[in-house]
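Undergrad: Sharing a model prediction with you, sequence too.
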Amino acid sequence: MPGNLSFADLQDAVASGEIDTVLTCAVDMQGRLMGKRFHAQHFVDRAWEETHCCNYLLATDLEMWTVPGYASTSWQAGYGDYVMKPDLATLRRIPWLEGTAMVLCDILDHHHHAEVPHSPRAMLKKQVARLEAMGFRAMMATELEFFLFEKSFEALRKDGYRGMEPVSGYNEDYHIFQTTKEEEVMRAIRNGLFGAGVPVENSKGEAEAGQEEINIRYADALDTADNHALVKNACKEIAWAKGRGLTFLAKWHHDRVGSSAHVHQSLWTPDDQPAFFDPGQPHGMSALMRNYTAGLIAHAAETTYFLAPYVNSYKRFQRGTFAPTRICWSVDNRTAGFRLCGEGSRAVRIECRIGGADLNPYLAMAALIAAGISGIEQGLMLEPPFAGDAYEGDVPHIPATLGAAADRLEGSAMLRAALGDVVVDHYVRAARWELEEYDRVVTDWEIARGFERA
Ligand code: ADP
């Protein structure tokens with residue numbers, strides 16, 4: 001059970017007054033928790049079966065704008081309802097909020113109760129089911145990075161996000177002393193998540209001032225995505241409660257490195273054997289792993305949108321920053337888009353380094369699994385690993401802009417076959433809307449550059 005609270009235990013905790021609130025959450029296109037705060041009594045009496053939300057929740061942008069141009073919903077269609085169906089296996093305690101439990105929901109069509117195809121959770125479940133039909137479990141981990149700031153979210157917003165100071169005055173990669181200073185927030189995050197049933201491995205300082213990384217133990221892809229969505233929300237809530245702000249933007253400042261969400265991937269058999277491991281093969285990589293990795297590489301430009309969904313995401317892809325710029329794989333080399341980890345061991349796995357901390361984990365893993373399956377189905381051959389500095393290499397580039405990534409997504413026969421045309425078209429529209437808004441809005445940079453000098 002991925003959560004840590006059975007429905008019977010919730011009923012007891014409600015009866016005793018220990019729990020009075022159940023957060024009933026769906027995951028939106030941006031990977032955020034969206035939903036309602038139920039009185040726990042009503043949840044155990046009625047709402048555990050289903051509740052409802054406006055179907056614009058899968059058709060808004062970050063600012064909850066009613067975005068035109070979606071086939072799934074619109075003003076014309078009247079913005080009706082979806083069903084939110086609690087997945088009781090995800091029920092858990094939320095230790096950092098008093099008297100509170102939480103459950104994740106699947107999003108179903110209001111009329112025929114089928115899962116909505118462009119719902120991120122449904123998209124990942126579909127790809128996991130394809131792998132299961134082939135006899136494999138996808139075991140994944142996402143390494144999430146973010147920046148922690150001195151001031152609160154409210155103060156940063158009031159300042160117009162100018163003059164922002166991270167909590168550290170220097171690069172704190174692996175630093176114990178500096179991270180000791182940040183324990184008021186980070187210890188509360190680790191322990192809070194652990195108490196919510198999330199298998200926290202560690203947090204560490206990352207390679208910039210104020211940058212943090214949090215690692216969660218690898219798990220089945222759906223559990224990893226659920227954990228990721230909860231971790232992001234927990235980090236924000238706990239930082240907020242401590243009077244701090246933080247950001248999962250891929251690049252909050254052009255002079256600082258970006259924040260990533262590397263995705264570690266391995267396939268296992270139902271009886272818990274690592275199907276990516278073959279001790280008799282180079283690097284311990286099985287033929288299956290070579291095919292899967294070749295699929296990731298062959299389709300990397302097509303899946304990039306799901307790893308880098310905003311205009312800002314592409315500003316992270318800078319040479320010499322540990323963020324990749326090229327599509328190649330390597331053995332334990334952090335300059336390449338894909339890195340082999342756990343070489344020659346049962347933990348052998350492929351790490352995709354393309355994704356930023358702003359990715360939606362359900363979409364990212366759905367797209368990566370689809371690419372891997374395509375490699376397996378076609379028996380794609382894996383090129384030899386890249387060695388050296390991939391920033392300088394003669395290898396293909398990761399799409400450099402959101403527009404380029406959206407074009408590759410739109411033209412991807414692989415993703416259209418795996419996810420469905422309706423789903424691909426939905427997310428192409430999301431990408432294009434970001435670009436339309438970016439083109440419309442006058443930015444600080446333009447004013448500062450041209451106000452006096454143009
Ligand atoms: P690093 O040295 O890059 O920090 P870690 O050993 O901390 O690597 O592992 C990074 C992530 O990889 C962790 O979240 C861990 O749970 C995950 N991981 C370990 N083994 C596997 C595996 N076989 N498949 C997928 N993820 C794994």
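TA: Alright, I've got the coordinates.
Undergrad: Could you look up the SS state of Asn233?
TA: What DSSP: H, G, I helix; E, B strand; the rest coil gives for Asn233 is helix.
Undergrad: hang on, it packs against Arg32?
TA: Yes. Assessed by C-beta atoms under 8 Å, Asn233 is found in contact with Arg32 at 7.4 Å. For glycine as for every other residue, the C-beta is placed from the backbone atoms N, C-alpha and C.
Undergrad: What segments of the stretch 301-450 of the chain are strands?
TA: For the stretch 301-450 of the chain, the strands defined by DSSP state E, counting those that start in this stretch cover 329-331, 338-341, 349-352.
Undergrad: tell me the mean pLDDT over the shortest one?
TA: Mean pLDDT, strand 329-331: 95.
Undergrad: How far away from the center of its chain is that strand?
TA: Computed by C-alpha atoms, centre = their mean, to the nearest Å, the separation of strand 329-331 from the middle of its chain amounts to 23 Å.
Undergrad: Residue ranges of each domain in this protein, please.
TA: With domains defined by automatic domain parsing, the chain comprises 7-116, 127-445.
Undergrad: Could you dump those domains into a markdown table and include distance to Arg453 and mean neighbour count?
TA: Output for the domains of the chain, formatted as a markdown table (distance: least, C-beta to C-beta, whole Å; neighbours: other C-beta atoms under 10 Å):
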| stretch | distance to Arg453 | mean neighbour count |
| --- | --- | --- |
| domain 7-116 | 31 | 18 |
| domain 127-445 | 13 | 19 |
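Undergrad: TSV for the ones you listed, including distance to Ala454?
TA: Output for those, formatted as TSV (distance: least, C-beta to C-beta, whole Å):
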stretch	distance to Ala454
domain 7-116	29
domain 127-445	13
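Undergrad: of all those domains, which lies closest to the ligand?
TA: Across the domains of the chain, the ligand has its closest neighbour in domain 127-445 (3.3 Å, C-beta to the nearest ligand atom).
Undergrad: Quickly check: the closest one near the ligand or not.
TA: Yes. Legend: contact between domain 127-445 and the ligand by C-beta under 6 Å from any ligand atom is shown at 139-141, 143, 201, 215-218, 264, 266, 347, 349.
Undergrad: Which single one of those residues is nearest to Gly450?
TA: Within the residues of domain 127-445 next to the ligand, the smallest distance to Gly450 is 39.5 Å, found for Glu143 (C-beta to C-beta).
Undergrad: Touching, that closest one and His262? I think so.
TA: Yes. With contact defined as C-beta under 8 Å, Glu143 counts as touching His262 (4.6 Å).
Undergrad: who touches the helix or strand hosting His262?
TA: Using DSSP states H and E, His262 falls within strand 261-268. Contact with strand 261-268 is made by 131, 136-145, 218, 228, 274-276, 288-289, 292, 296, 307, 341, 347-353, 355-359, 361, 364-365, 368-369, 372, as judged by C-beta atoms under 8 Å, 6 or more residues apart in numbering.
Undergrad: again, only this time at 7 Å
TA: When contacts are defined by C-beta atoms under 7 Å, 6 or more residues apart in numbering, strand 261-268 is touched by residues 131, 136-144, 218, 274-276, 288, 292, 341, 348-353, 355-357, 359, 364-365, 368.
Undergrad: just stretch 219-226 next, same as before
TA: Applying C-beta under 7 Å, 6+ apart, the contact partners of stretch 219-226 are 2, 90, 104, 124-125, 128, 137-142, 218, 227, 361-362, 365, 369.
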